[in-house]
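S.K.: Model the structure of this input:
(2 chains)
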Amino acid sequence: MSREDVLVTTDWAEKNLGAEGVVFVEVDEDTTAYDGGHIPGAVKFSWTTELTDPVRRDVLTKEDFSAVLSAKGIGNDDTVVLYGGNNNWFAAYAYWEFKLYGHQDVKLIDGGRKKWELDGRTLTTEVADRPAATYTAKDADLSIRAFRDEVVASIGAKNLVDVRSPDEFSGKIFAPAHLPQEVSQRRGHVKGAINVPWSKAANEDGTFKSDEELKALYGDAGLDDGKAVIAYCRIGERSSHTWFVLRELLGHSDVKNYDGSWVEYGSLVGVPIELGAGS
Amino acid sequence: MCGAPDQAVALPAGTDLEKQTVLAGRVVAGESPVGGAFVRLLDGTGEFTAEVVSSASGDFRFFAAPGTWTVRALSRSGNGESVLTADGPGLHQTKVAVA
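M.R.: Okay, here's the model as predicted:
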């Protein structure tokens, strides 16, 4: 796996608009962003209804994932190029879910929607209309997804990487600063977790830092390359960004995203929580 | 209620400015508002905290905590930043000029 296999530039994206077998997919935190303008030909995925179960707190089932991709006109052999706002948070979450269900060829646009806009490239409000396809998802690859019991069992044994902001990590605030702060769970972080905010992996324009910078970032933060990694954040999308960096860019072989993340962990009874900046 | 919020800033229903620290402002190029700017909130150490996109009227807001913050805007009209000190809960406003 190399950077070229999983990441494309905005320039590559622009040159491949309309290319046979390439489907551009926009996924935003703000699910209305697509409607105000998107990359020509791109289809929209709403993370709240088309990547997560609308009733249970979970990813889509294999069957629902297959149905959504079929309806969007995405086939198993298509190259799916994901991008989105907020530095690809939810595009990275979608990337992780596509990999969870075994999609072979999926890539992120480096810098996402922000880079595309700052480059001054074309946006359109014309909604892409693709004929339906037949998509068959594979069984979920649980080697890239962590559940709560595994997180608790991993304390002191695996790398636990909390990718939230320092203030969320220390327990000063509950949620990122652009969101309201009313929540019910406890504040803090999983005992023993290291704090490497997802944002440290990205440049100001949303592109990923170089492999050398990224290696230094996690090495300096105390990540042990000889041990497995579980990344988490608040609801699992920022940690998808870091999961992408560690597994897809740096090639770490055993990295899981704990998509339950702090909203789940911080509500569990009796689990180890630490406050403050960590050890 | 004392300290009524500035009505120019539409806050979500239920926002309690007695308890919450809200940072809000407008991105401008000269006198013109800049919509669609990427507004980044950096904490007192310069660490990235959050990012939002300014509205058509150039407005943005963050829910943060008391402290000193830098608000940095990136846009097609240029970049710029402004420092904001929130000494306690309430609404704290600034303007970010880009060039």
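S.K.: Near chain A, which residues of chain B are found?
M.R.: B:12, B:14-15, B:20, B:23, B:36, B:38, B:40-41, B:43, B:47-53, B:61-65, B:74-76 (CB under 8 Å from any CB of the partner chain). For every residue, glycine as well, the C-beta is placed using N, CA and C.
S.K.: Tell me where chain A has strands.
M.R.: Using DSSP state E, the strands of chain A run over A:7-8, A:22-28, A:43-46, A:79-83, A:106-109, A:159-162, A:189-190, A:194-195, A:229-232, A:255-257, A:273-274.
S.K.: Mean pLDDT for those strands - can I get that in JSON lines?
M.R.: As requested, these are exported to JSON lines (pLDDT from 0 to 100):
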{"stretch": "strand A:7-8", "mean pLDDT": "98"}
{"stretch": "strand A:22-28", "mean pLDDT": "96"}
{"stretch": "strand A:43-46", "mean pLDDT": "94"}
{"stretch": "strand A:79-83", "mean pLDDT": "98"}
{"stretch": "strand A:106-109", "mean pLDDT": "98"}
{"stretch": "strand A:159-162", "mean pLDDT": "98"}
{"stretch": "strand A:189-190", "mean pLDDT": "96"}
{"stretch": "strand A:194-195", "mean pLDDT": "96"}
{"stretch": "strand A:229-232", "mean pLDDT": "98"}
{"stretch": "strand A:255-257", "mean pLDDT": "98"}
{"stretch": "strand A:273-274", "mean pLDDT": "96"}
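S.K.: So what's the residue count around residue A:48?
M.R.: By the criterion of other CB atoms under 10 Å in any protein chain shown, residue A:48 has 11 neighbours.
S.K.: how close does it sit to chain B?
M.R.: Per CB to the nearest CB, to the nearest Å, residue A:48 is found 17 Å from chain B.
S.K.: ok, so what distance separates the closest residue to residue A:71 other than its chain neighbours from residue A:17?
M.R.: Spatial nearest neighbour of residue A:71, excluding adjacent residues (CB to CB, 6 or more residues apart in numbering or on different chains): residue A:132 at 5.8 Å. From residue A:132 across to residue A:17, the span is 21 Å (CB to CB, to the nearest Å).
S.K.: To what extent is the residue nearest to residue A:71 buried, counted in neighbours?
M.R.: 11.
S.K.: Quick check, it in contact with residue A:69.
M.R.: No: Residue A:132 lies out of contact with residue A:69 (CB atoms under 8 Å); the separation is 9.8 Å.
S.K.: Show me what the helix or strand bottoming out on mean pLDDT in chain B is packed against.
M.R.: Every helix and strand of chain B was ranked by mean pLDDT, DSSP states H and E. The lowest is strand B:48-53, at a mean of 88. Here strand B:48-53 touches helix A:85-100, strand B:38-42, strand B:59-64, going by 3 or more CB pairs under 8 Å, 6 or more residues apart in numbering or on different chains; DSSP states H and E.
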